[in-house]
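Asks: Give me the fold of what follows.
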Amino acid sequence: MVRYIEIVLEKRDVRCVARLLDEEAPRTAEAVWRALPQAGDVYHAKYANHEIYTLVPIFAEKEPGFEYPTITPIPGDLVYFYIRSGTWVPREATEMDANSHAVIDLAVFYDRNNLLLSPAEGFFPGNVFGTIVKNLEAMKEAGYRIWREGGIGERLIFRRLEGEALKKWGLE
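Replies: Take a look at the predicted model:
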């Protein structure tokens, strides 16, 4: 059974649909699916290039570990990163888990020429767990606007797409 999720930029009212990669990344796709909905402030990557993301508290009962990892995500990739304690994140993110200060980064890559290389951490692979199948162009336009204008006040939401909501997107 194919599973879909909707990704929303709330303030801009931009939406897209992604198919979970259950065959390629079964542990990560399942962990994300079980934890949905997830949402938080949107950030734009500094080094990876064409990436918007949100940071959320750890949600998996068991960390999926590396599966279907990449350091060169392509347009439409959804990528899961486990951000361990000690890795730089915006200050408000460290308050999510008072015990470990680790967080999860749920990322959307909206255009090409991305490289997951951090000046402090080196190569920073993440698990590709989904691919955008509807409305990537709108997310791309919004991603560039966030890059130019900033993301203050914008929230990035990941939620399940089931039942009637699938029909609205022409999926079943």
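
Asks: for Ile7, helix, strand, or coil?
Replies: Classification of Ile7 by DSSP: H, G, I helix; E, B strand; the rest coil places it in strand.

Asks: For the residue lying closest to it once chain neighbours are set aside, report the pLDDT, please.
Replies: Nearest non-adjacent residue to Ile7, counting by CB to CB, 6 or more residues apart in numbering: Cys16, 5.2 Å away. Every C-beta, even on glycine, is put in place using the N, C-alpha and C of the backbone. The per-residue pLDDT reported for Cys16 equals 98.

Asks: Now Cys16: which helix or strand?
Replies: Assigned by DSSP states H and E, Cys16 falls within strand 14-20.

Asks: ditto for Gly40
Replies: Gly40 is part of strand 38-41 when elements are defined by DSSP H and E.

Asks: So what touches the helix or strand following that strand?
Replies: Under the assignment DSSP H and E, the closest C-terminal helix or strand after strand 38-41 is strand 43-44. Strand 43-44 is contacted from outside by 51-55, 90, 143, 146-147, 150-151, using CB atoms under 8 Å, 6 or more residues apart in numbering.

Asks: Likewise for stretch 131-151?
Replies: By CB under 8 Å, 6+ apart, the surrounding residues in contact with stretch 131-151 are 4, 7, 9, 12, 14-19, 21, 41-44, 50-52, 75-78, 108, 110-111, 154, 169-171.

Asks: Now that stretch: buried residues?
Replies: Counting neighbours by 16 or more other CB atoms under 10 Å, one finds that the buried residues in stretch 131-151 are 131-132, 134-136, 138-140, 142-143, 145-147, 151.

Asks: Looking at these, which one is closest to Pro125?
Replies: Comparing the buried residues of stretch 131-151 against Pro125 with CB to CB places Thr131 closest, at 17.1 Å.

Asks: Tell me the first helix or strand C-terminal of the one helix or strand that closest one maps to.
Replies: Per DSSP H and E: Thr131 is located in strand 126-134. Where DSSP H and E defines the elements, the next helix or strand beyond strand 126-134 is helix 136-149.

Asks: ok and that next one relative to strand 126-134, angle-wise?
Replies: Orientation of helix 136-149 against strand 126-134 (axes from the mean of the first three to the mean of the last three CA atoms, to 10 degrees) gives an angle of 120 degrees.

Asks: From the contact counts, what lies against the next helix or strand after helix 136-149?
Replies: For helix 136-149, the following helix or strand on the C-terminal side (DSSP H and E) is strand 155-161. Here strand 155-161 touches strand 4-9, strand 38-41, strand 51-56, strand 103-109, going by 3 or more CB pairs under 8 Å, 6 or more residues apart in numbering; DSSP states H and E.
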